[in-house]
Each structure stands twice: as structure tokens, then as C-alpha cells.
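Colleague: here you go, sequence then predicted model.
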Amino acid sequence: MARERRPAIVAVDDEPAVLAAVSRDLRRGFGEKYRILRAGSGAEALGLLTELRTRAEQTALLIADQRMPGMSGTDYLVQARTIVPEAKRLLLTAYADTEAAISAINDVALDYYLLKPWDPPEEELYPVVQDLLTTWEAEASVESGGVRVIGHRFSKDSHDLRDFLARNRVPARWFDVERDGEARELLEVVGVEADRLPVVLLEDGAVLERPTILELAERIGVAGQPAQDHYDLVIVGGGPAGLAAAVYGASEGLRTVMVEREAPGGQAGQSSLIENYLGFPMGLSGSELAHRATHQARRLGAELLTVQDAVGLSAEGAGRIVHLSDGGALSANCVLVASGVSYRQLDAPGFPELTGAGIYYGAALAEAKSCQDQHVVVIGGANSAGQAAVYFSGYADRVTMLCRGDSLERSMSHYLIEQLATLENVTVRTRTSAVGAEGDGGRLRALNVRGPDGDSELPADACFVFIGASPRTDWLEDVVARDERGFILAGPDAQADGWPLNRDPYPLETSVPGVFVAGDVRARSIKRVASAVGEGSMAVSLIHQYLEST
Ligand SMILES: Cc1cc2nc3c(=O)[nH]c(=O)nc-3n(C[C@H](O)[C@H](O)[C@H](O)COP(=O)(O)OP(=O)(O)OC[C@H]3O[C@@H](n4cnc5c(N)ncnc54)[C@H](O)[C@@H]3O)c2cc1C
């Protein structure tokens with residue numbers, strides 16, 4: 001019998017009437033693209049999931065009633081997660097069980113809970129399910145897509161290409177030439193020698209040997225060229241602040257272009273789960289937030305230029321010119337600098353040489369699947385490190401966190417400390433730092449660590465470093481006033497630095513009139529997604545005031 005291609009939605013409820021109703025509604029809404037399977041108990045559903053997995057059939061969504069005898073909905077979803085980790089999870093609850101649903105969010109990594117009854121389904125059920133399925137489809141296609149990358153896992157060039165594709169959500173598959181027989185077969189078919197890796201095979205049959213990020217971006221249509229000669233607003237940086245400004249700028253009629261050097265999303269794009277952003281009670285991944293915001297900005301008319309670096313800024317009369325790394329320039333009435341901060345590099349022997357070959361800065365989420373059965377070390381004690389440890393614990397055999405401070409309490413949010421405490425394969429070593437990295441055959445083998453008991457060697461397969469970040473604003477030197485650490489001054493602080501006009505600067509205006517700043521790169525800003533989004537949108541309102549006053 002032919003394998004069923006439609007992914008499955010599995011509904012489980014012990015009450016036959018409720019099960020029949022939910023199956024009927026799901027079939028009516030999603031039956032064309034998805035198979036709706038039902039089970040009368042958690043145990044039966046787990047058997048069904050195992051069967052689907054054995055037959056290599058996809059499961060997109062699990063829907064479970066919380067109140068079931070024998071096995072509750074949350075207990076079932078916890079177990080189901082180990083069989084089909086990629087499936088989205090939705091819990092059906094009675095109003096009285098809302099508390100149980102909320103406290104299950106972390107244990108089950110619940111994607112949504114829905115109160116029974118869900119009438120009318122067009123308003124109560126379909127939008128939620130559609131949203132979950134759209135996200136699932138995007139994630140599934142990202143991992144099974146048409147672009148294929150073949151390389152050595154511990155090569156920086158391979159890592160950079162994979163990271164770039166993943167962060168731009170380009171559907172791509174990764175083949176490790178050392179582990180995958182298929183990788184070697186593919187290389188033979190396309191006639192590429194093993195010393196020309198990494199190689200990228202595109203859907204149109206093109207073969208790119210050792211491409212640069214820019215070459216790849218151009219070939220797959222991620223990089224763009226400006227469509228206009230002059231803009232109302234040029235935004236530098238596509239993190240939450242820049243994306244928010246793009247959405248508000250374009251929606252309010254400003255000709256808006258956003259320049260991003262890597263991939264939209266910025267630091268937030270690296271977050272495996274943002275749990276404290278208003279309006280997303282189950283949390284959402286940074287890449288999902290970036291994807292939604294990018295889509296929204298484009299739909300409202302903003303232009304996005306990626307894989308372009310702003311390398312200079314100049315003022316010519318009322319015009320503001322942003323100079324780009326490809327030699328081009330963007331002319332505008334206003335500029336918003338939303339270039340955020342970048343990870344600080346760990347300055348210890350071995351770290352520079354092994355970066356990309358076992359040592360990574362930031363979460364490098366594309367590496368997670370390769371960490372299966374391995375020992376992962378996370379360096380840092382703040383929220384970003386905590387999130388990464390939680391995330392990698394789902395893939396790696398064990399995770400060790402190295403944190404310089406006495407405890408995590410001072411540097412990490414309470415909810416993350418609690419989550420870490422529940423994870424059996426995560427160990428936190430406080431008052432411990434990494435003082436060196438040892439390689440073997442060009443890849444990380446171990447870290448030299450210094451702790452309360454002296455120096456020792458810690459074998460490690462991969463190490464993710466989160467030791468703070470600094471702004472990269474050298475390109476604004478002598479143009480825009482900055483503080484001693486490179487953060488950009490705004491409002492009253494900018495005025496103190498030779499402000500040229502009779503009026504005071506607007507709150508987010510820099511020392512150059514018409515050049516604004518938002519988000520983490522601003523001196524004394526709050527380093528949060530919500531504040532970056534708030535500042536990005538607020539900047540647009542101030543830009544309107546500026547434009548009206550000139
Ligand atoms: C792993 C991780 C997890 C986090 N989790 C949370 C969380 O759960 N909740 C929370 O509130 N905050 C979280 N944060 C913090 C939050 O992500 C940041 O505060 C937020 O992203 C700042 O947004 P931004 O737009 O100011 O800057 P960034 O996100 O830093 O974005 C700046 C962008 O500008 C680009 N850029 C820089 N220079 C140039 C240039 N010259 N030309 C073109 N482009 C340029 C960069 O490539 C980048 O994409 C987390 C951060 C990290 C690293």
C-alpha cells in the first residue's frame with residue numbers, strides 16, 4: 001500500500017461525543033491537506049504515534065483533552081513529545097482546568113490550550129489550528145527543503161552557510177560528508193571533489209562550490225537591490241527594533257527600506273523560546289517572531305535588503321546617506337540606527353581557532369540536531385545562556401553550564417532557573433570559567449575550565465558561548481555621538497554633544513538631526529524584545545514630527 005503523504009492530526013478524548021465533534025470539525029476545516037486520526041485514550045494514541053513514526057509518516061498536530069481517566073492530557077503530551085517532538089501540541093480544557101493548562105505550558109511545551117466548547121469552530125478552533133499548522137509547515141519545510149548543503153560538520157564555512165539558511169528560513173537539508181553515505185553519492189553525481197567543500201546544490205540544479213554568503217544569498221533571491229532612489233526612512237538593522245520601525249513606517253505611508261547584514265530577527269532570532277513577550281502566553285521562538293514580523297513589514301510595503309552592511313553615514317544638506325558594503329548608497333530624509341549588539345568573543349587560547357568547529361557564539365540553532373547523544377557546554381549565566389541550555393537539553397545527551405558567578409539568581413530570570421532545575425541532563429557549574437579550548441583534528445575536543453576545585457579538562461563536543469554583547473558602531477565614529485562603550489547617545493544626552501539646532505533633540509534622536517536610534521544599541525536602553533519593539537515604533541512617530549518640522 002502506498003505511504004500516506006498527508007501529515008496526520010491526532011485527536012484524543014475518552015468522551016466519544018467530544019472526540020466525534022472535534023474530529024468532524026477538524027475534517028471539515030483541514031481534511032483536504034491533513035489526515036484526522038482519533039484515539040479514545042492516551043495509551044491508544046501513543047501506540048498510534050509510534051506506528052506513524054515507524055512508517056516515517058509525519059504528525060503535524062496533537063490535540064488532547066486534559067480530563068481523561070488513566071492518563072491526563074498533559075501526561076499524554078509529555079510522552080508524545082518524545083515520539084514526535086516536532087508535532088504542535090494543543091490541549092482541550094474545561095474552564096475549571098485552566099490553571100492545570102497554564103502550569104503545563106512549561107512541562108509539555110504546550111503550543112496552545114483551548115476552552116471547550118469551541119463554538120463556532122470558524123472563530124474558536126480554526127484560527128488557532130491554522131496558525132499552528134502554518135508554523136509546523138514552515139518548520140517542516142525548513143528541514144526537508146530543496147536546497148542541499150554538503151560539508152564537514154566541523155568546518156566554519158559549512159556552519160556559516162547552514163546558519164545563514166536556517167536564520168533566513170530557507171528550506172534546506174544538511175549532509176555531513178563524514179556521516180552520510182548519501183552526501184558522498186551526491187558529490188559523485190555532481191562531480192565535486194571532497195576538497196571543494198562546502199558545496200550547495202540548488203533546486204534549479206546549480207552547484208555552488210565554496211560559495212560566499214553573499215553569492216548564495218543572491219542565487220537564492222534572499223539579497224535584494226533597492227527599488228527607489230530616495231526614501232523617507234532607511235532603517236539599519238533588522239532586529240525587533242528595526243522590524244517594528246519597518247512595520248510602522250511602511251504602514252504609515254513612509255517610503256521605508258530596512259538594511260540587514262545577516263538575517264532579520266537579530267539577537268531575538270537566535271532565541272529558542274521567548275516566553276515574556278506580551279500576547280504569546282505559550283512563548284514563541286525568535287525565528288518565528290522574525291518570520292512573522294518580516295512578512296508583516298513586507299506586506300505593508302517596506303523594502304528589505306539583506307546581506308548588506310551599513311558601513312558609513314553622512315549628512316548632505318537635508319539628506320542622510322547610508323553607505324553600503326557593496327559600494328552602493330541609500331539616500332533618505334531620515335535614518336534609524338537599530339543595529340543592536342553582537343556577541344562578545346571569548347578571549348582564551350584555542351577559542352578563535354575552533355570557532356565554527358565546535359565553538360559557536362549565540363545559540364546556533366542549526367547545530368542542535370547534530371548534537372544528539374553529545375555533551376554540550378553552554379558558557380554564560382544570563383537568560384540567553386539559560387534558554388540555550390534548556391533548548392539543547394532536548395537534543396544533547398547532557399548539557400553543562402559554566403557560569404562565573406556564585407549563582408544564577410542574579411543574572412537569570414526565575415522561570416528559567418526553575419526550568420533548568422527540572423532538567424535531569426543539565427548540570428550548572430557556578431564560579432567556573434573556561435580558560436582554554438583544545439582541539440583534535442581541527443574540531444573541539446575539550447575545554448580547560450577553572451573552578452572552585454582548581455583547573456581541569458572538560459571533554460566537550462560542542463560549546464555555545466553567551467558572555468555578553470557589545471555594539472558594533474565603529475562605522476558611526478566621528479559622525480554620531482556615542483558613549484565610551486560605543487552605545488549611541490540620544491535625546492538630552494545627544495544635545496550635550498554639540499547639538500546644532502535651536503530646538504531640543506527628540507527623545508530618540510541622535511546628535512545628528514534626522515538620525516534616530518532604537519533598541520539595544522541605544523545608550524542606557526533596556527535589553528528586551530518588547531522595549532526594542534516599543535522604541536522602534538516610537539521612533540517612527542518621532543520621525544513624523546521631524547519630517548513635519550523640516
Ligand atoms: C539568545 C537570546 C535570547 C534572548 N531572549 C530574550 C527573551 O526571551 N526575552 C527578551 O525580552 N529578550 C531576549 N533577548 C534580548 C533581545 O533579543 C534583544 O534585546 C533584542 O533582540 C534587541 O533588539 P534590537 O533590534 O535592538 O537589536 P538586535 O536584535 O541586536 O538586532 C540588530 C540587527 O542589526 C543588524 N546589524 C548590525 N549592524 C548592522 C550594520 N552595520 N548593517 C546592517 N545590519 C546591521 C544585526 O545583524 C542584527 O540583525 C535575547 C537575546 C539573545 C541573544
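Modeller: Yes, it's here.

Colleague: drop to CA atoms for contacts and neighbour counts, all remaining ones
Modeller: Fine.

Colleague: beyond the helix or strand bottoming out on mean pLDDT in the chain, next helix or strand please.
Modeller: Here the helix or strand of the chain ranked lowest by mean pLDDT, DSSP states H and E is helix 98-108, holding a mean of 76. The C-terminal neighbour of helix 98-108 among helices and strands, as given by DSSP states H and E, is strand 112-115.

Colleague: what does the average pLDDT come to for that following strand?
Modeller: For strand 112-115, the per-residue pLDDT values average out at 88.

Colleague: list the buried residues of stretch 353-369.
Modeller: 353-368 (16 or more other Cα atoms under 10 Å).

Colleague: what of stretch 251-265?
Modeller: Judged by neighbour count (16+ other Cα under 10 Å), stretch 251-265 contains these buried residues: 251, 254-265.

Colleague: which bits of the stretch 251-400 of the chain sit near the ligand?
Modeller: Near the ligand, the residues belonging to the stretch 251-400 of the chain are 259-268, 270-271, 274-276, 308-311, 338-341, 362-363, 384 when assessed by Cα under 6 Å from any ligand atom.

Colleague: just the ones of these in helices?
Modeller: In helices, defined here by DSSP state H, the members of these are residue 384.

Colleague: chain center to stretch 434-449, what's the gap?
Modeller: From the chain centre to the centre of stretch 434-449 is a distance of 27 Å (Cα atoms, centre = their mean, to the nearest Å).

Colleague: ok, residues contacting that stretch?
Modeller: For stretch 434-449, contacts defined as Cα atoms under 8 Å, 6 or more residues apart in numbering pick out 154, 348-351, 354, 357-359, 379, 402, 432-433, 450, 455-462.

Colleague: mind redoing it with 6 Å?
Modeller: If you take Cα atoms under 6 Å, 6 or more residues apart in numbering as the criterion, stretch 434-449 is touched by 154, 348-351, 357-358, 433, 455-460.

Colleague: the least confident helix or strand of the chain and the ligand, any residue contact?
Modeller: No: counting by Cα under 6 Å from any ligand atom, the ligand has no neighbours in helix 98-108; the shortest distance is 13.9 Å.

Colleague: and for the residue in the stretch 351-500 of the chain that the ligand sits nearest to, the neighbour number?
Modeller: Nearest residue of the stretch 351-500 of the chain to the ligand: residue 384, at 4.0 Å (Cα to the nearest ligand atom). Other residues near residue 384 number 25, with proximity taken as other Cα atoms under 10 Å.

Colleague: tell me the contacts of it?
Modeller: Listed by Cα under 6 Å, 6+ apart, the contact set of residue 384 is empty.

Colleague: show me which of the buried residues of stretch 251-265 is closest to residue 466.
Modeller: Taking Cα to Cα as the measure, residue 466 lies nearest residue 265 of these, at 17.5 Å.

Colleague: for residue 474, see how far away that closest one is.
Modeller: From residue 265 across to residue 474, the span is 22 Å (Cα to Cα, to the nearest Å).

Colleague: please apply the same query to residue 400.
Modeller: For residue 400, the distance to residue 474 under the criterion Cα to Cα works out to 35 Å.

Colleague: ok, the two, which is more surrounded?
Modeller: Under the neighbour definition other Cα under 10 Å, residue 400 and residue 474 were set side by side, and residue 400 has more, 20 against 12.

Colleague: A strand includes the more buried one, no?
Modeller: Yes: in this structure, residue 400 lies within a strand as judged by DSSP: H, G, I helix; E, B strand; the rest coil.

Colleague: pairing partners for it in the sheet, please.
Modeller: Using DSSP bridges, the bridge partners assigned to residue 400 are residue 377, residue 427.

Colleague: now do the contacts for it.
Modeller: Residues in contact with residue 400, defined by Cα under 6 Å, 6+ apart, are 377, 426, 427, 428.

Colleague: kindly recompute the last result at 10 Å.
Modeller: Contacts for residue 400 were tallied using Cα atoms under 10 Å, 6 or more residues apart in numbering; they are 375-379, 389, 393, 425-429, 458, 460, 463.

Colleague: and these, which two are the farthest apart?
Modeller: Between any two of these, the greatest separation by Cα to Cα is 17.6 Å, found for 393 and 458.

Colleague: and residue 193, how many residues sit next to it?
Modeller: Other residues lying near residue 193 total 12 when counted by other Cα under 10 Å.

Colleague: do the same with residue 39
Modeller: By the criterion of other Cα under 10 Å, residue 39 has 19 neighbours.

Colleague: can you get me the start-to-end distance on stretch 401-419?
Modeller: 14 Å.

Colleague: check what pLDDT the closest residue to residue 488 other than its chain neighbours gets.
Modeller: By the measure of Cα to Cα, 6 or more residues apart in numbering, the closest residue to residue 488 outside its immediate chain neighbours is residue 482, 4.3 Å from it. If you check residue 482, the pLDDT there is 96.

Colleague: next up, the contacts around residue 482.
Modeller: In this structure, residue 482 makes contact with 473-474, 476, 488-490, 493-494, 497, 510-511, 521-523, judged by Cα under 10 Å, 6+ apart.

Colleague: out of these, which sit inside helices?
Modeller: Secondary structure from DSSP H places 493, 494 of the contacts of residue 482 in helices.

Colleague: and the contacts of residue 482 as TSV, adding pLDDT and distance to residue 174?
Modeller: Output for these, formatted as TSV (pLDDT from 0 to 100; distance: Cα to Cα, whole Å):
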residue	pLDDT	distance to residue 174
473	96	34
474	95	35
476	97	38
488	97	39
489	96	43
490	96	44
493	92	48
494	92	48
497	66	51
510	97	44
511	96	46
521	98	34
522	97	38
523	96	40
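
Colleague: farthest pair within the contacts of residue 482?
Modeller: Of all pairs drawn from the contacts of residue 482, the one with the largest separation by Cα to Cα is 474 and 493; the distance is 19.1 Å.

Colleague: where do the helices of the stretch 101-250 of the chain begin and end?
Modeller: 121-124, 126-144, 156-167, 181-190, 213-219, 240-251 (DSSP state H, counting those that start in this stretch).

Colleague: for those helices, which has the smallest mean pLDDT value?
Modeller: When I compare the helices of the stretch 101-250 of the chain, helix 126-144 is least confident, with a mean of 82.

Colleague: next, the angle from that one to helix 156-167.
Modeller: Helix 126-144 and helix 156-167 meet at an angle of 160 degrees, taking axes from the mean of the first three to the mean of the last three Cα atoms, to 10 degrees as the criterion.

Colleague: ok, back up a step: I'd like the buried residues of stretch 251-265 laid out as CSV, including distance to residue 417.
Modeller: Formatted as CSV, the buried residues of stretch 251-265 follow (distance: Cα to Cα, whole Å):
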residue, distance to residue 417
251, 40
254, 43
255, 44
256, 41
257, 40
258, 36
259, 36
260, 33
261, 33
262, 31
263, 30
264, 29
265, 25
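
Colleague: which bits of the stretch 401-550 of the chain sit near the ligand?
Modeller: Residues of the stretch 401-550 of the chain found near the ligand, taking Cα under 6 Å from any ligand atom as the criterion, are 519, 520, 521, 527, 528, 529, 530, 532.

Colleague: do that again at 5 Å, thanks
Modeller: When proximity is defined by Cα under 5 Å from any ligand atom, the stretch 401-550 of the chain lies next to the ligand at 519, 520, 527, 528, 529, 532.

Colleague: filter those residues down to the buried ones, ChimeraX style.
Modeller: In ChimeraX, this line selects whichever of these come out buried by 16+ other Cα under 10 Å:
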select :519,520,529,532
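
Colleague: ok, now which ones touch the nearest residue in space to residue 15 that is not next to it in sequence?
Modeller: Excluding its sequence neighbours, the residue lying closest to residue 15 (Cα to Cα, 6+ apart) is residue 40, at 7.4 Å. By Cα under 10 Å, 6+ apart, residue 40 lies in contact with 11, 12, 13, 14, 15, 16, 19, 68.

Colleague: same check on residue 423?
Modeller: For residue 423, the set of contacting residues under the criterion of Cα under 10 Å, 6+ apart consists of 389, 390, 393, 394, 398, 399.
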